[in-house]
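J.: When you get a sec, could you give me coordinates for this:
(2 chains)
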Amino acid sequence: MRNPFLDFRSVPIRKKEIPLDRIVRAKQAIMDRIIEGYLALVEEEVKGLVWLVGQSHEVRTYNAALRSIQGLQYDQDDVEELCAELDSAKKVPYLISGPAGIYLSALINQAREERILLRLQDFERTFHFLGYRLPQGKTLILRGNVGDFIGASLAGGRLVVEGSAGNWCGAGMTGGEILVTGLTGQKTGEWMRGGRIQVDGRIWGVGQNRYGGEIYHRGRPIAPLGAVDQSQSEDDDGPG
Amino acid sequence: MALDETLREVWPRVRKKHLFPELPYPLCAEGEKRVGLDIKEKAISISREFVEGMCQELVEGEVVEGLLDHAVSHYLCCPWNLSTHLRLYGEAKKVLRDKEMAKKATDYFMDVVADTHCVSQKETPLPRIYRHLRRGVLDEAVHALYERIWGVDLGVEGHEEISRKLSRLPYLDRSRWGDSMKRFAKAIHPLLQEERDQGGLKRPGPMGGHRMRQYSKEEIERGFKDLASDSATPSEFKEIVRDFEDDILEANLSEDGSMGLGPGRSLDADLLYYMKLAENWMLPIRKMPTKKSGSLYPHHHEPWEVGKPYQDIDPWTSFGKIMPGITQMWRRLEGDIFGQWEGIPDCVVMIDSSGSMTDPRQSLSYAVLGAACACDAYLRNGAQVAVYNFSDAWSGGRQMLPYSRQRREIYRNLCHYFGGGTSLMVEEIETLHEGKVPDLFLITDMQITNLETLIQYFNQCKNRITAVHIGDNRHVATFRQSMALRKNVEAYAVEKKDDIPRIVLGKVRDYLYRETL
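T.: Here you go, the predicted structure:
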């Protein structure tokens, strides 16, 4: 009787290396390092899983984030992928909004691209602190709704939010521009020192402690002239 | 060389290259010039027009080999089966929220995976075919991706950003396909919108689209079973089934009623959900001593024909006429009585659909699922099932189905939801018995207004009774306490899916009927 497996002997089996293998390996290595950096940051900054917003906390976290990504070669796709990982919580065991947002901001600020677009509209989680300390020469476009402290301490960059932002939008910004096509929450521009915030939707409240800068609502300056007339913006929903 | 001859020469080579997949011999068919392949129940059809068109640039053997490589890779790698196809579609739909876009994205993703698998493992002329294909907007981007990940020149210009984004996905890592599908769909979303604006969404890709009919009937059944298990709610399942409704009907799965086809041959996704989910559990049934009575009893009607005995004619259903085609006669079957041989009696399923129960069409109802598993178990063992769906809602309040083996009808009665309060009419249950001693299966949360009547009835019953209560409350305690001494009643609690397989149907501590009695 003829051995039925003889036919298999003459079949060459060899896996070719195609560029995809190399690309995926390289990207995986970068992502592993980025995630490792985030986890180290969380471990260092958030003892007991509590992280409170405060000037010293943010600065310390940001500096720690810069240290952990030092020397890392990545691009905006990696940043977007980190957002996806944080959203799905598969590789990242816990997401703590403040440090996560500041870490993402540090990555954005140190990325080699000058214009970065993040598509956040399909994510379930809301990201806070994006655009923190965005430097001059950088443009960050956030597609989708975002959380609190968007563009906080903005330092000359251009931040475009194609959606709505939460409370404390542009808090403590020193320069640059924030454009929000949707609405912004309470205390918009709190502790603002310079720059410009332009909101196309409703502004739920302007910060009372401002030291400079301009806030525009649908093209009209409302600060430093005075508080926003809430009755003018009747067609939007509340924040969040 | 004629295409049939080329195919005869190339197919053994392709089979050998792919380690002899179990696929039928491919066919040559008249087809669209733009589309190379069509697959129906695993049979590959190659379009003559497409091959002729491509032969202006390539040798016929190369074109045929490339097309076969593509088709075989789909069979061997991605999607592999319908479960994977539906899972990928579900992920794409989450991102794109549009049926046609999600289908298109899924098709392209599966093409990328299958072709990349083939290119990375075999010698194939596929890249040469792709170089000469006519391209739409999306094809351009996908071919740009191929250039990047295969390291070949396909003559595509532009699409730098999108191909860069797409090239980072681990297409060959099966465990990450769900995630990759999402990111793939997200990246090509703008192009899909462009295709939609140009009316190209329904047009299949150049190598052919992916339809339900490409899978075998067993695979389709299995695919929906897996989908039902993976779906958290009936609506999640329903959404995907609705999207594929035309495909399912086209795949002609209606004959045995296993696909939940309702009136007008539309698909009742809720029935299908419970049907498929129930297939995951096979509840055991205790057999009971029965034996054939030796007497024949009128069982059902059948048309009378010339030559058949007159004495069995039923004048009441024959309109008093003796005429083939109109006259009905009784078909007599031997009856069962209790004896030494073991068998499975018929069953009356009583299901509570009052307001305190979960609406099976809104979220997963353990009552319907439990009852469905019980019905399946009896049907599988050749018994019949009658259904009594009860509540005391003003709109009807109850629904009764006499003994039947029609799975679809049984499920339709199980899935009916009345709402309102709960009241159970013992007389109505007795009418369902039809003179038999069936098993009784009750599934309820026991919040029945006339629970005492039910307990009293069960105390008198000689049937084997399986009572399943959803959740726990004081009424359950009352019921359990009252039934504690009854040897023919077994109560089970169901609070989660995993409790269902613990049910043993017809479990009694002692048989009340014995031949000696």
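
J.: in the longest helix along chain A, what's buried?
T.: With DSSP state H applied, the helix covering the greatest number of residues in chain A is identified as helix A:19-45. The neighbour-count check on helix A:19-45 (16 or more other C-beta atoms under 10 Å in any protein chain shown) flags A:20, A:23-24, A:27, A:30-31, A:33-35, A:37-38, A:41-42, A:45 as buried. To be clear about C-beta, it is placed using only N, CA and C from the backbone, and glycine gets the same treatment.

J.: swap in stretch A:204-221?
T.: Burial within stretch A:204-221, assessed by neighbour count using 16+ other C-beta under 10 Å, is assigned to A:Trp204, A:Gly205, A:Val206, A:Gly207, A:Arg210, A:Gly213, A:Glu214, A:Ile215, A:Tyr216, A:His217.

J.: Out of the residues you listed, flag the one nearest to B:Ile313.
T.: Proximity of the buried residues of stretch A:204-221 to B:Ile313, judged by C-beta to C-beta, is greatest for A:Trp204, which lies at 83.7 Å.

J.: give me the element residue 156 is part of.
T.: Chain wasn't specified; assuming chain A. Counting by DSSP states H and E, the element that carries A:Gly156 is strand A:155-162.

J.: Centre-most residue in chain B?
T.: Taking C-alpha atoms, centre = their mean, the centroid of chain B lies closest to B:Phe224, which sits 3.9 Å from it.

J.: how deep is B:Cys375 tucked in, by neighbour count?
T.: Per other C-beta atoms under 10 Å in any protein chain shown, the neighbour tally for B:Cys375 reads 28.

J.: show me where the stretch 351-500 of chain B has strands.
T.: Counting by DSSP state E, counting those that start in this stretch, the stretch 351-500 of chain B forms strands over residues B:385-390, B:398-404, B:439-444, B:465-470, B:489-494, given from the N-terminal end onward.

J.: Could you list the paired strands of the longest one along with their orientation?
T.: What it means is strand B:398-404. strand B:385-390 (antiparallel) (DSSP bridges).

J.: what comes up buried for the partner strand?
T.: Buried, per 16+ other C-beta under 10 Å, within strand B:385-390: B:Val385, B:Ala386, B:Val387, B:Tyr388, B:Asn389, B:Phe390.

J.: The buried residues of helix A:19-45: which ones sit near chain B?
T.: The overlap between those and the neighbourhood of chain B (criterion: C-beta under 8 Å from any C-beta of the partner chain) consists of A:Leu20, A:Ile23, A:Val24, A:Lys27.

J.: gap between the closest residue to the last one other than its chain neighbours and A:Ala29?
T.: Counting by C-beta to C-beta, 6 or more residues apart in numbering or on different chains, the nearest residue to A:Lys27 once its immediate chain neighbours are dropped is B:Arg168, at 4.7 Å. Using C-beta to C-beta, to the nearest Å, we find B:Arg168 at a distance of 12 Å from A:Ala29.

J.: contacting residues for B:Gln469?
T.: One correction, residue B:469 is His, not Gln. Under the criterion of C-beta atoms under 8 Å, 6 or more residues apart in numbering or on different chains, the contact list for B:His469 reads B:Ile443, B:Thr444, B:Asp445, B:Met446, B:Val476, B:Phe479, B:Ala491, B:Tyr492, B:Ala493, B:Val494.

J.: B:Met329: what secondary structure?
T.: Under DSSP: H, G, I helix; E, B strand; the rest coil, B:Met329 falls in the strand class.

J.: and the angle for the following helix or strand past the strand holding A:Gly156 with strand A:155-162?
T.: Following the chain from strand A:155-162 toward its C-terminal end, the next helix or strand by DSSP H and E is strand A:175-180. Using axes from the mean of the first three to the mean of the last three C-alpha atoms, to 10 degrees, one finds that strand A:175-180 and strand A:155-162 are set 10 degrees apart in direction.

J.: Any idea how many residues pack against A:Gly175?
T.: Once other C-beta under 10 Å is used to define contacts, A:Gly175 is seen to have 17 neighbours.

J.: before we move on, back to that, redo the buried residues of helix A:19-45 as a markdown table? Include pLDDT.
T.: Below are the buried residues of helix A:19-45 laid out as a markdown table (pLDDT from 0 to 100):
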| residue | pLDDT |
| --- | --- |
| A:Leu20 | 95 |
| A:Ile23 | 94 |
| A:Val24 | 94 |
| A:Lys27 | 93 |
| A:Ile30 | 94 |
| A:Met31 | 93 |
| A:Arg33 | 93 |
| A:Ile34 | 94 |
| A:Ile35 | 92 |
| A:Gly37 | 91 |
| A:Tyr38 | 90 |
| A:Leu41 | 87 |
| A:Val42 | 84 |
| A:Glu45 | 74 |
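
J.: Spell out which parts of the stretch 151-300 of chain B neighbour chain A.
T.: That would be B:151, B:164-165, B:167-173, B:179, B:182-183, B:186, which are the residues of the stretch 151-300 of chain B within reach of chain A (C-beta under 8 Å from any C-beta).

J.: again, only this time at 7 Å
T.: Listed as neighbours of chain A in the stretch 151-300 of chain B under the rule C-beta under 7 Å from any C-beta of the partner chain: B:Gly151, B:Arg164, B:Lys165, B:Ser167, B:Arg168, B:Pro170, B:Tyr171, B:Arg183, B:Lys186.

J.: Nothing else from me, thank you.
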